[in-house]
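**Q** Sequence and predicted structure are below.
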Amino acid sequence: MNVINEIGQALAMAGSMTWEILWPLILGFALSGIVQAVVRKEQVTRLLSSDSPRALAAATGLGAASSSCSYAAVALARSLFRKGASFASSMAFEIASTNLVIELGIILALLMGWQFTLAEFIGGPIMIVLVALGFRLWMRGEIVGAAREQAEKGIAGSMEGHAAMDMSVPGGGTLFQRLFSGKGLDAVANYFVMDWASVWRDIAGGLLIAGAFAAWIPKDWLRAFFFEGDPLLAALWGPIIGPVIAMLSFVCSIGNVPLAAVLWNGGISFGGVASFIFADLIVIPVILIYRKYYGTRAALRITGTFYLAMVAAGYAVEGLFTITGLVPTQRNATVLESSISWNYTTYLNIGFLALAAFLVARFVRSGGTGMLNMMGGSPDNRDHHHG
């Protein structure tokens, strides 16, 4: 009975977390679908052809507007790299598309506090700059050449079909005319559903792990592990261990936010939370994908560069927010509330569930269900233009 009660408690916490983050997820993926419906991948590739500050800035902005789960982001980055984008710009796009997206910011603000959202949007660009500098030192010449040769082999993964799809609306007319045309609405619906199909496993896994973590791991143990009683040691330890926990948890994309809330309530430092969230791109399955896409030497350099940049960005966030007095003093992330009531969250969820139902119905009526099979297709297949 104790085991059953503990499992029930973990599932209840996971369920309440799901309810808390539902409407921001729907909003974020809807906005991402709108952006993807009006911006073509060829336009993106042209802007990312170098590793200049301008190209990196464009990669960051375009990535932030194009939400992806970690696996789809990695596949899309390789697709951009194969089509002519520089390696650094492709990786900047990859980082931004999972760590600087609107739904992540909204969820962080609602469940943990606006300071975490600000930290993410300050630390993300810092990480991108550090990664670009690291690549100039360790990812050039023969290494990049070998990575491109491996990338050109077109080895397929579970997200290749999703990354290859281009359902954007052809030019002609104003932005609003294109967006609210029949083809425009169909394209938004298609991107919305396909993005959900690519990310739901990550989110579900993260919620279940976070629920179990919150229900079963004693807070006293976590506080000791994170050195909560020693502020200096905690600040030094948090950004180092945060990415390691992320790697071993196998949780990525937005699914790691509930677990980040559990870690914060358990005593990890502010900078440790930031570095943990950034680390969705070096979980062990993703590292294995890097090896398959770019070769072993490139995968090791990508992983090492990302890790060092995540740690440094965590330290930067910790320092900046400590100096300005913005580090929250309370550790009571609302994501751990285990009840659902009639409040603004419930009303927003109902409204956005109606929007999701409209987009799903549009997806089905337009014949989009057949495209779900492309989730496992190869990027060597032709781009799919919605028409």
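**A** Perfect, I can see it now.

**Q** buried stuff in the lengthiest helix in the chain?
**A** For the chain, the helix with the greatest residue count under DSSP state H is helix 2-38. Within helix 2-38, the residues scored as buried using 16 or more other CB atoms under 10 Å are 9-10, 13-14, 16-18, 20-38. For glycine as for every other residue, the C-beta is placed from the backbone atoms N, C-alpha and C.

**Q** by contact count, what packs against that helix?
**A** helix 102-111, helix 175-179, helix 182-216, helix 256-266, helix 344-365 (3 or more CB pairs under 8 Å, 6 or more residues apart in numbering; DSSP states H and E).

**Q** Pull out the buried residues from the longest one.
**A** The reference is to helix 182-216. Within helix 182-216, the residues scored as buried using 16+ other CB under 10 Å are 183-196, 198-199, 202-203, 205-215.

**Q** The fourth one now?
**A** Using 16+ other CB under 10 Å as the test for burial, helix 256-266 gives 256-266.

**Q** Tell me, how many residues neighbour A361?
**A** 11 (other CB atoms under 10 Å).

**Q** The longest helix of the chain to helix 344-365, inter-axis angle?
**A** Orientation of helix 2-38 against helix 344-365 (axes from the mean of the first three to the mean of the last three CA atoms, to 10 degrees) gives an angle of 60 degrees.

**Q** Just checking the distance from helix 2-38 to the centre of its chain.
**A** 14 Å (CA atoms, centre = their mean, to the nearest Å).

**Q** how much does that helix deviate in direction from helix 102-111?
**A** 140 degrees.

**Q** low pLDDT regions in the stretch 201-350 of the chain?
**A** Counting by pLDDT under 70, the stretch 201-350 of the chain has low-confidence residues at 202, 206, 214, 250-253, 333-341.

**Q** can you map out the helices along it?
**A** Counting by DSSP state H, counting those that start in this stretch, one finds helices in the stretch 201-350 of the chain at the ranges 219-225, 231-249, 256-266, 270-278, 284-294, 296-323, 344-365.

**Q** Of all the residues in the second one, which ones are buried?
**A** By 16+ other CB under 10 Å, the buried positions in helix 231-249 come out as 234-243, 245-247, 249.

**Q** Switch those residues over to CSV; also include distance to L281.
**A** As requested, the buried residues of helix 231-249 are arranged in CSV below (distance: CB to CB, whole Å):
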residue, distance to L281
A234, 25
A235, 23
L236, 23
W237, 22
G238, 19
P239, 16
I240, 17
I241, 17
G242, 13
P243, 10
I245, 15
A246, 9
M247, 10
S249, 14
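
**Q** for the helix or strand containing L133, packing partners?
**A** Per DSSP states H and E, L133 falls inside helix 114-138. Packing partners of helix 114-138 (3+ CB pairs under 8 Å, 6+ apart): helix 53-64, helix 87-99, helix 102-111, helix 270-278, helix 296-323.

**Q** what is the rounded mean pLDDT of that helix?
**A** Averaged over helix 114-138, pLDDT sits at 95.

**Q** now the very next helix or strand once past it, how far from the centre of its chain.
**A** Following helix 114-138 in sequence order, the next helix or strand is helix 142-151 (DSSP H and E). Centroid separation for helix 142-151 versus its chain: 25 Å, with CA atoms, centre = their mean.

**Q** just the buried residues of helix 256-266 now: which is nearest G123?
**A** Of all those, G123 sits closest to A260, with 12.9 Å by CB to CB.

**Q** Go through the helices and strands packed on helix 2-38 and name the closest to K153.
**A** The closest of the helices and strands packed on helix 2-38 to K153 is helix 182-216. By CB to CB, the value is 22.5 Å.

**Q** Just name the most buried of the helices of the stretch 201-350 of the chain.
**A** Comparing those by mean neighbour count (mean count of other CB atoms under 10 Å), helix 270-278 comes out on top with a mean of 29.

**Q** Using PDB, write out every CA atom in it.
**A** In PDB, the C-alpha atoms belonging to helix 270-278 read as follows (Å, rounded to 0.1, in the frame of the first residue of the first chain):
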ATOM      1  CA  PHE A 270      20.300  30.000  -9.100                       C
ATOM      2  CA  GLY A 271      23.100  29.600 -11.600                       C
ATOM      3  CA  GLY A 272      22.700  25.900 -11.300                       C
ATOM      4  CA  VAL A 273      19.100  26.100 -12.400                       C
ATOM      5  CA  ALA A 274      20.200  28.000 -15.500                       C
ATOM      6  CA  SER A 275      22.900  25.600 -16.500                       C
ATOM      7  CA  PHE A 276      20.600  22.700 -15.900                       C
ATOM      8  CA  ILE A 277      18.000  24.100 -18.300                       C
ATOM      9  CA  PHE A 278      20.600  24.900 -20.900                       C
END
